[in-house]
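> The following comprises the amino acid sequence and a computationally predicted model.
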Amino acid sequence: MKLRKLEMCGFKSFVDKTVIRFDHDVLGIVGPNGCGKSNIVDAIRWCMGEQSAKHLRGRSMEDVIFNGSESRSGSDFAEVTLTFDNEDPADVPLEYKDYAEIAVTRRLHRSGDSEYLINKTHVRLKDITDLFLGTGVGTKAYSIIEQGKIGLIVSAKPEDRRMLIEEAAGITKYKSRKKQAEKKMELTQQNLLRVGDIVAEIERNLGSLKRQAAKAERYLSYRKELEDLKLHDASHRYLELVGYIKMEGGEVERIAEVHERARGTLAVREAELEGARLEAHAVEEELEGAQNVSFAAENEVRSQEAAIARATDRITALREREVQGNAEAEELSAEWGRLEAERHAFGADMADRETEEAQRAAQSAEAEERLSELSRELGAAEGEVQGIQRAQAQAGADAASAEAKLTGFERRLTEMQARLEKHTLEREELESQRIEHAARAKELAIEVDDLRTGKVTSADERTRLETHLAELRGAIGQSERLLDEARAELTKKRSRLHALEEIAARLDGVGAGVKALLLAGDEALGGLVADRIEAPSALTAAVAGLLGTRLQEVVVTDVEHGVSLLESLAANKRGRATLVPRFPRYVAGAQAALPVDDDVVGRLIDELRYDQDDEALVVSLVGDAVVVRDTAAAVRLRSGDLARVPLVTLSGTVFHPDGRISGGSGEEVAAGMLETKREMRELAEAVVGLDVIASERLAQHQALRGAIAETQGALERARHQAHKDELALVTVEKDLRAAEARIEQIQKRLEQLVAEATDLEQKVAEAHTERLEAERVLEAARAIVEDCRGRLDAAVAVAASWREQVDAGRAVVTEKKVLLAGVREKLTATRGAMSRLERSVGELAARKQRLEDDLVQNARAFGEVCATLVQHKELLGTALDAARVAQDALVRVRSTYDAMRAQLGEREGTLKDLRTEVEQAKEELSAHEMALREKQLAMEHLLGAIAEQFRGLRLARVVGDYHLRPPPDDELRSRINELGHLLERMGSVNLDAMREHEDAEKRFTFYTEQKADLEKALADLEKAIQQMNKESKRLFQGTFAAVNEKFQEIFPRMFRGGRASLRMTNPDDLLETGIDILAQPPGKKLSSIELMSGGEKALTAVSLIFALFQYRPSPFCILDEVDAPLDEANVARYNDMIRAMTDRSQFILITHIKRTMQLVDVLYGVTMQESGVSRLVSVKINEMAEAKKPLAEAAVA
């Protein structure tokens, strides 16, 4: 598997399609740091299935897709293809051995989708891994040494270093297979545990299911007997209830008639009683009136008596008040004398003070009179000034008002003129709108008529569609029922067919050897003999009796191959089997004529059905056997013309020509096989027929559904259209009303505008007149203002002179008023004391007058009360007479009322007896109705209970089956109770137990066989793992010894001396032992390899790699800057070793060392002329090197 070509597109920095051809032994890749050289190694590792982004120098696998640069956008996917030649197909899987080249492709999309292909065929990652197993090529093999990783070979753990020996030994494929085998074994062990658990569970349940099945069988027997006895008992109870209901119904009718007659008599008597009650009510009202009159007279007597008592009390109180008033009058006369003396003394003092006050007042009045005259003159002068000012202000106001009016008139005239022009324009616009709306209203009226006509038509169409939809729904109901019936029958037949096919596939009842042959699936085997013959149901027993175990013979097309199969059975001890050739060497002899006999059914071969190609086979099996009806017929016929042919009865007894007779039982398996095959064929035909019927009914059903859907759609559209038409009609009617309303509004507005225009024209004329008057008023007001200005100056000077004189007079008046105020203050004090004394005298006089008035009023009241007392005594006598008359009338009316009440009592007694009679009849009727209802309810309960217990059974349908039986007795009812108790004591019963028991037995057999198969598979896997471990140990030991020997040879050559070897860390465990490196460079003692320099470590690792290559060369080797730690001399030896191994491997070197560059045949240079994008250029260094194939330049797409 030499590497021939590498193609990259969108991988890391190789955004464009880049092709590198590996046509020479040594190929070099050079370029500055960061140009993408190592991306080529990453591409090879990634294409071979590397799953670690870290090993590809990234954080996630998406990092391998070109992410874009300053001038390039990112790529959507990354794709790498490795092409290998297949000159030596020994190491590749079988399916790729015929290919001249093998192309491995890996593609990753930015969405995360990943694809693997081999020769453009999609495969799994595992397929690619398996392709490289054991070849030394792989993501972790020694064929690829990454940059800076050469030293890790030396410093790695011994267990990790072991991987190099395993890859060289080809053990990795065994380890992979071992891992798969261990996974399978683990899965098999888990399956075995589960199957073991299932078998144990089924085994535990079998006994319980067997007991449950027996219990269910007993339960069903008891339940059947109980149901029969219950129906027997219920039928007789039903007949009893029918008779009782009929009898009780007649009694109810009779009592109802008696009840109605009694109710009629009671109604007549109640009417008579009601008339008497009305007469008694009238007398009662008369009695109530007499009682009221008597009560009023008695009230009047009591009222007069109370008035007399009040008058007597009033007279006593008046006499007491008269005595108190006389005593109080004497006290007031004494107080009056004292107050009169005090008033006389205060009168003399007040006269002196009043004289002085008069003098001072006269002086002050004289001064005030002078001041008043001066003030009047000043007031007159100021009045003149104010008058002139008012006249001037009024004239100014009149002028301003006139000017404002003129301005207002001008504005109003302008506004009114504008309004007149606006009215004219609006009238013209409205007139145009009125004409337009009138035309629109006419159109809308026509549209309304059309829509109303369409509405009627749409309603008729909806009615038609609804009727049609109802008819279709009725039809689809019938169609659904027919379809469900067909599907149910098809499911039933198909389930039975599948069950029989599963039984046939399991080869139940077939011998172990036959089963082993058929399960192997050899193409030379044509199934069982039973599969080739189809017998009618009536002849199943006859065929089974004649052929017996031959039905289990295996038909074979190649006899010699069949013999080898039998030998294989014997060698593996898997049982016995009988093979029968499909085309036997058989020559049919002449058949004797059959006798005419009713007991002869016919020749058996004539009654069988089989394929035309199987005729020779069937004839060799059946021969000329004749079917007869029974054993007696066979005995009779064998002594005649049929003595030389086999006779077989319909029950399966066979009479052979040599005298042997076969019969009895034991051929159930053979008969069952034939019956199963026959039933399977019949079921297959039935399934096909039912499938056709179901398909036809489904098509009809779907057609009806389609019609319903179409009709519903049409109806929905019609309804939608009707709704739209209704909305349109409402909208158009609304628009019509709006248009008519708008026309009316426009007309009203036009009339309003005409009136407003007339009013405006009148107002304009009035405004012109008012403007002329305002101009005249303005001229007059301006003249008055000029005249007032001159008069105002003179009047102001006169008023100032008078104001000075008034101020002097006001000072004199003030002085006089101060003196007068002192005198008046003294006089006021004297007057206050005199006033208080006079108030006291007045109050005393008033009290005296009130007392005199009270005494007079008391005397007057005494006389009035005495007169009232006499009047009340006279009224009391009159009231007593009226009370006696009223009482007499009351006694007379009450006597009449009591007599009438007695008559009513007698009539009510009679009515009570009648009501009792009616109630008794009603109670008797209710009792019989209740009894009738009870029986009817009992009947309903009985029918409901039977329907509930017997799944909707109508008792009337089965009464005829039980009415002739003896009526139920205590023994029957006792048996019903006994069976009920038995069923109750049985508790919950699993009615599916019998079927479950049968299924459990089948499952137990199946899983037991599965368990045995799994145990065998587990043993086979353990054996295979042991074999792989044995082979791995052998290969590892041999490879270790060979590689160690090569390592001991190469190390001194690379170091020009020294010695080195490999050592196992645990030689006793070859499957797990690690590998240690012991190295001693020349001139140094043997010490830890960790103490070696970087160059020595690298050279030691290179020595080990070359030792591996010499033992098991890898098709190619990639060395990424492995020579970087080496000095010039070691580089030369390194290059010499590479060149020496080119006869067995390709070498791809990534280097910066010149001497290594000189070694290669072709040198590829990696550049990054465009930032972030890698490109290739190639140079042929060794002109003498010949390409293994025609050299082509590396292509850059």
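Sure thing, it's come through. In this text the structure is predicted, and so the values were computed from the model without any measurement.
> Burial check on L855, number of neighbours?
As a burial measure, L855 scores 17 neighbours (other Cβ atoms under 10 Å). C-beta coordinates here come from the backbone N, C-alpha and C atoms, glycine included.
> can you give me the helices in the stretch 101-250 of the chain?
Taking DSSP state H, counting those that start in this stretch to define them, one finds helices in the stretch 101-250 of the chain at 125-132, 152-155, 158-169, 172-506.
> What does the pLDDT read for the most centrally placed residue in the chain?
Centroid check for the chain by Cα atoms, centre = their mean gives A709 as the closest residue, at 27.7 Å. We have a pLDDT of 76 for A709.
> V1196 now?
V1196 is given a pLDDT of 34.
> for the helices of the stretch 101-250 of the chain, which one ends up most surrounded?
Highest mean neighbour count among these (mean count of other Cβ atoms under 10 Å): helix 158-169, with a mean of 21.
> Serialize the helices of the stretch 101-250 of the chain to TSV and add fields for distance to L1021.
Shown next, in TSV, are the helices of the stretch 101-250 of the chain (distance: least, Cβ to Cβ, whole Å):
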stretch	distance to L1021
helix 125-132	19
helix 152-155	35
helix 158-169	22
helix 172-506	4
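> Looking at the ones you listed, spot the one closest to I1089.
helix 152-155 (5.7 Å; Cβ to Cβ).
> hmm, back to that, quick check: which of the helices of the stretch 101-250 of the chain is nearest to R791?
Within these, the stretch nearest R791 is helix 172-506; the backing value is 5.0 Å (Cβ to Cβ).
> And the closest one, how far out from the chain middle?
From the chain centre to the centre of helix 172-506 is a distance of 38 Å (Cα atoms, centre = their mean, to the nearest Å).
> Taking helix 125-132 as reference, get the angle to that helix.
Relative orientation of helix 172-506 versus helix 125-132 (axes from the mean of the first three to the mean of the last three Cα atoms, to 10 degrees): 130 degrees.
> Next secondary structure element downstream of helix 172-506?
Sequence-wise, the next helix or strand downstream of helix 172-506 (DSSP states H and E) is helix 512-520.
> what's in contact with that next one?
Residues outside helix 512-520 that contact it (Cβ atoms under 8 Å, 6 or more residues apart in numbering): 507, 510, 525, 527-528, 552, 554, 565, 569, 572, 574-577.
> ok, now with 7 Å
Residues from elsewhere that reach helix 512-520 (Cβ atoms under 7 Å, 6 or more residues apart in numbering): L507, L525, Q552, V554, L565, L569, R574, G575, R576, A577.
> Point out the ones among these that are inside helices.
Those of the contacts of helix 512-520 mapping onto helices are L565, L569, per DSSP state H.
> Let me have the contacts of helix 512-520 in CSV, extended by distance to Q857, pLDDT and neighbour count.
Formatted as CSV, the contacts of helix 512-520 follow (distance: Cβ to Cβ, whole Å; pLDDT from 0 to 100; neighbours: other Cβ atoms under 10 Å):
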residue, distance to Q857, pLDDT, neighbour count
L507, 149, 63, 17
L525, 158, 79, 22
Q552, 156, 74, 22
V554, 159, 80, 24
L565, 163, 76, 21
L569, 161, 79, 19
R574, 157, 78, 15
G575, 158, 79, 15
R576, 162, 83, 12
A577, 160, 80, 23
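> Distance to G1058 added to the contacts of helix 512-520, as a markdown table?
Output for these, formatted as a markdown table (distance: Cβ to Cβ, whole Å):
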| residue | distance to G1058 |
| --- | --- |
| L507 | 73 |
| L525 | 70 |
| Q552 | 79 |
| V554 | 74 |
| L565 | 66 |
| L569 | 66 |
| R574 | 64 |
| G575 | 69 |
| R576 | 72 |
| A577 | 72 |
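> what domains does the record give for this protein?
Domains of the chain are assigned by automatic domain parsing as 1-143+1114-1197, 508-674.
> pretty sure S479 contacts A703?
No - using Cβ atoms under 7 Å, S479 is not in contact with A703, being 8.9 Å away.
> Without its sequence neighbours, what residue ends up closest to R161?
Nearest non-adjacent residue to R161, counting by Cβ to Cβ, 6 or more residues apart in numbering: I1075, 4.5 Å away.
> tell me the contacts of the one you found?
P158, R161, R162, I165, L1062, M1064.
> Any idea what it is bridged to?
Counting by DSSP bridges, I1075 is bridged to M1064.
> that older thread, to L772, which of the domains of the chain lies closest?
With Cβ to Cβ as the criterion, L772 lies closest to domain 1-143+1114-1197 of the domains of the chain, at 93.7 Å.
> For the domains of the chain, which has the smallest mean pLDDT value?
domain 508-674 - the lowest mean pLDDT of those, at a mean of 76.
> so how far is it from its chain's centroid?
The gap between where domain 508-674 is centred and where its chain is centred comes out at 65 Å by Cα atoms, centre = their mean.
> before we move on, what SS does the residue nearest to the centre of the chain have?
helix (DSSP: H, G, I helix; E, B strand; the rest coil).
> E779: which of the domains of the chain is closest?
Per Cβ to Cβ, nearest to E779 of those: domain 1-143+1114-1197, 97.0 Å.
> which secondary structure elements does the helix or strand hosting Y897 contact?
If you go by DSSP H and E, Y897 is part of helix 668-949. Applying 3 or more Cβ pairs under 7 Å, 6 or more residues apart in numbering; DSSP states H and E, we find helix 668-949 packed against helix 172-506, helix 540-547, helix 955-962.
> Ok, which of these comes nearest H1152?
If we rank those by Cβ to Cβ, the stretch that ends up nearest is helix 172-506, at 32.9 Å.
> could you give the angle of that closest one to helix 668-949?
Using the same axes, to 10 degrees, the inter-axis angle of helix 172-506 relative to helix 668-949 is 70 degrees.
> other SSEs contacting helix 172-506?
helix 668-949, helix 955-962, helix 970-986, helix 993-1055.
> quick one, which of the ones you listed is packed in tightest?
Greatest average neighbour count among the helices and strands packed on helix 172-506 goes to helix 993-1055 (a mean of 16), per mean count of other Cβ under 10 Å.
> what about the stretch 951-1100 of the chain, any weak spots by pLDDT?
951, 960, 963-964, 1086-1088 (pLDDT under 70).
> Equivalent analysis for the stretch 801-950 of the chain, please.
Using pLDDT under 70, the flagged stretches of the stretch 801-950 of the chain are 813, 816, 818, 820, 824.
> First residue to last residue on stretch 627-643, what's the distance there?
Start-to-end span of stretch 627-643 (Cα to Cα, to the nearest Å) is 13 Å.
> ugh, wrong one, stretch 1082-1089
14 Å.
> before we move on, what about stretch 946-957?
Stretch 946-957 end-to-end distance (Cα to Cα) = 12 Å.
> What lies in contact with that stretch?
Stretch 946-957 is contacted from outside by E227, A234, S235, Y238, L942, L943, using Cβ under 7 Å, 6+ apart.
> Which one of those residues is nearest to H997?
Of all these, H997 sits closest to E227, with 24.5 Å by Cβ to Cβ.
> how about that closest one, what does it touch?
Neighbouring residues of E227 by Cβ under 7 Å, 6+ apart: F950.
> Quick check: the gap between it and I976.
10 Å (Cβ to Cβ, to the nearest Å).
> next one: N33
Applying Cβ to Cβ to N33 and I976 gives a distance of 105 Å.
> next one: V559
71 Å.
> Ok, G689 next?
For G689 relative to I976 (Cβ to Cβ), the value is 48 Å.
> Ok, E272 next?
Taking Cβ to Cβ as the measure, E272 falls 63 Å from I976.
> Apart from its chain neighbours, what residue comes closest to L604?
Counting by Cβ to Cβ, 6+ apart, the residue nearest L604 is A625, at 4.5 Å.
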